[in-house]
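1. Give me a 3D structure for the following:
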Amino acid sequence: MSNEAATAQAAVTAEPGLAPEPVAHGLGASLHPADARAKTEGTFPYAADLWAEGLLWAAVLRSPHPHARVVSVDTSHAREMPGVRAVITHEDVPGTPLHGRGRADRPVFASDVVRHHGEPIAAVAADHPDTARMAAAAVIVEYEVLDPVTDPEQAFEAEPLHPDGNLIRHIPLRHGDPEAVGEIVAEGLYRIGRQDPAPIGAEAGLAVPRPDGGVELYLASTDPHTDRDTAAAAFGLPPEQVKVVVTGVPGATADREDQGFQLPLGLLALKTGCPVKLTATREESFLGHVHRHPTLLRYRHHADAEGRLVKVEAQILLDAGAYADTSSEALAAAVAFACGPYVVPNAFIEGWAVRTNNPPSGHVRGEGAMQVCAAYEAQMDKIAKKLGMDPAEVRLRNVLATGDVLPTGQTVTCPAPVAELLEAVRDFPLPALPKDTPEDEWLLPGGPEGAGEPGAVRRGVGYGIGMVHMLGAEGADEVSTATVKVQGGVATVLCAAVETGQGFATLARQIVQETLGIDEVHVAPVDTDQPPAGAGCRGRHTWVSGGAVERAAKMVRTQLLQPLAHKFGMSTELLQITDGKITSYDGVLSTTVAEALDGKELWATAQCRPHPTEPLNESGQGDAFVGMSFCAIRAVVDVDIELGSVRVVELAVAQDVGRILNPAQLATRIEAGVTQGVGIALTENLRTPRGLVRHPDLTGYALPTALDTPDIRIVKLVEERDVVAPFGAKAVSAVPVVASPAAVASAVRAATGRSVNRLPIRPQAAVVTES
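-> The predicted structure follows:
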């Protein structure tokens, strides 16, 4: 990582003019997270640390086959084992047997058929974790193994895996003149692998039965109200008898918990009448939760002799795996952004999401947008090569700006400084070339003890420009509720927005500090007794939940100032709160917030709901998105053209952020997103030959480490506020994930002259045979 990124604050301020001078508190300050010290010292209580008196341990039996008919399930041996308190199967689900985030098509336990490797068959509760695991292994299942459908292209003609078939959604986008052609035509076929979110913290939970016949679930949930409603339906209980309490979340770049993990936990607690704890192994984690959609993309770009785009044709096929989950939403993003942040007068895109017997796919940061970015940026490189033009110049001739129209027919009304971002990374000084004999061996591609030779190393420079939508889309009702209470000079925020590492809890404190001038602000723990705030993804908690906190804080501010305004015969708008002091515009009034409170308890509750969107119609047209954010990245790589090993030397990032609310957190989120993108580009691919997950562990699945992380130079942050967003801020985490893999692939293309049409980049794709 870059020297200026020794702290997150330094990464933002490394280049002059990127951020204002730091302030003590409030918006614009690099306020530290309240839990930073506990996490650093290892005392923060995560879900895996939960304990209760009389605790039982759970284990889940999972299918060893990707596709099989369940002939019989014999639990008698498991039930007879000493210490076993309960064994449950599909027959023990009293409520709705199917669940799913996008579509209810996933069983709690497989009954007649298993559709993916690792699907739950039965669950056990016992008085010791080893007993529970042995009892789960003692459940005898007779399978009739079936041929798995693992090629998404074959899913169209294969036997239906579900009663409603294998096709989840088809989106045909039609925009402009289908007869339009360009003087230059570039074609390509691209494949994107299956990335696992790989949460470092264990997936764990505790279920505690209640005296009223209900149950409390203590989970690291990122969407507690949805999880509560799903659990209540499966348990056959009204929602008010199921409570989800969010415990310490060890970070999330996707849906944090597998609902198929949560539901057996609650069922066992209800059946035994005892608290039950389940901690997933790393293998179970890989088998159970959703992954990024593997994608097949076919593209044909038409451009004129000046490099301006005339038409884009594309076919996009998403492998949803065994169940629908959020594949419909991912497909909408992929189709809508298939042409990228470029002006395309004519676009004809076909998108499909299909079921297979591969592991389930679902929400992972930048879903849909990341896959198409890798493809359309490769196409821009091909056009530049055909025209003999600089790749950055070709992009600049086509970039979107505010007021342009997307292929979906939606006008870009938010700030879209794409040209400014690209120019910033293009003009940033390039890193020094390596010496012929580097002093440090680890600077060579392949790292220490690598077999590479300096003479075989080629340097490449490439570009990636990404875009993502913020919040939900296509008519999703995005709403959040927050309450702000002030008592004894201390403010408390109650909001069911889960802190997943995106910084919401810190942002909520800053909002209240800014609005009320109170230094000591606490954010209450999250549970489903609070009103819903929605899922923690696509920047929605910065926008919607942050907006709700701001509105509630402003209502409390009015309550605080009204008596003073009335006493002095002026409007509350003429009073301001700064650094804990209340002053009037004319200096007549000057007091402290503490004096104005005078022991009073003030509180207010507010909601925030952005403007509505609409579903894409039968031609892929519609105002489907609330807002968008953009990012440009220039990658510099060194490639050993004999071995095909790649070292990312530097990634220069320029991003459209709207407004910097917390410089340190913003830099950290950008660097984390870029690093995740490097993993997609070079190492991360969960291999599933014939539907079987190979090496479901962090040895076989290669996450990038600190040694793999390049210098990340945040060269420009464009603060052009989005007027419809609270504070004018934009989401920052997802779009670097989208752009960085495309930039790395573009740079490898420049170094080798190879097409590089697959992510992650395999060594053979970077090998050059010189004649």
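2. pLDDT weak spots in the chain?
-> Judged by pLDDT under 70, the chain has its weakly predicted residues at 1-24, 252-257, 434-442, 447-452, 770-771.
3. contacting residues around the residue lying closest to residue 191 once chain neighbours are set aside?
-> Nearest residue to residue 191, sequence neighbours excluded (Cβ to Cβ, 6 or more residues apart in numbering): residue 758, at 4.7 Å. Just so you know, the C-beta spots here come from the backbone N, C-alpha and C atoms, and that holds for glycine as well. Going by Cβ atoms under 8 Å, 6 or more residues apart in numbering, residue 758 touches 190, 191, 192, 193, 765.
4. For residue 259, give its distance to residue 106.
-> 8 Å (Cβ to Cβ, to the nearest Å).
5. what is in contact with the two at once?
-> With Cβ under 8 Å, 6+ apart as the test, residue 259 and residue 106 both reach 99, 100.
6. I'd like to know which of the contacts of residue 758 are buried.
-> 190, 192, 193, 765 (16 or more other Cβ atoms under 10 Å).
7. Now intersect those residues with the strands, please.
-> The strands, defined by DSSP state E, take in 190, 192 from those.
8. Any chance of CSV for the buried ones among the contacts of residue 758, columns distance to residue 288?
-> Shown next, in CSV, are the buried ones among the contacts of residue 758 (distance: Cβ to Cβ, whole Å):
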residue, distance to residue 288
190, 29
192, 22
193, 19
765, 31
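9. So which of the buried ones among the contacts of residue 758 is the closest to residue 37?
-> For the buried ones among the contacts of residue 758, the closest approach to residue 37 (Cβ to Cβ) belongs to residue 193, at 38.0 Å.
10. Let me know the distance separating the residue most central in space within the chain from residue 658.
-> Centroid check for the chain by Cα atoms, centre = their mean gives residue 365 as the closest residue, at 2.3 Å. Distance from residue 365 to residue 658, counting by Cβ to Cβ: 18 Å.
11. For residue 267, what is the enclosing helix or strand?
-> Under the criterion DSSP states H and E, the helix or strand holding residue 267 is helix 259-272.
12. where exactly do the strands run in the stretch 651-771 of the chain?
-> Applying DSSP state E, counting those that start in this stretch to the stretch 651-771 of the chain gives strands spanning 711-718, 758-759.
13. Dump the C-alpha coordinates for the helix or strand hosting residue 73 into CSV.
-> Using DSSP H and E, residue 73 maps to strand 68-74. Below are the C-alpha coordinates for strand 68-74, written out as CSV (Å, rounded to 0.1, in the frame of the first residue of the first chain):
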residue,chain,number,x,y,z
ALA,A,68,-29.3,-35.6,-6.4
ARG,A,69,-32.7,-37.0,-5.5
VAL,A,70,-33.1,-37.6,-1.8
VAL,A,71,-34.5,-41.2,-1.6
SER,A,72,-34.5,-41.4,2.2
VAL,A,73,-33.2,-39.7,5.4
ASP,A,74,-32.6,-41.9,8.5
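14. For residue 541, see how far away residue 535 is.
-> 9 Å.
15. who's more crowded, those two?
-> More neighbours surround residue 541 than the other of residue 535 and residue 541, with 31 against 25 (other Cβ atoms under 10 Å).
16. so what's the more buried one up against?
-> Applying Cβ under 8 Å, 6+ apart, the residues contacting residue 541 are 480, 497, 498, 502, 504, 507, 533, 534.
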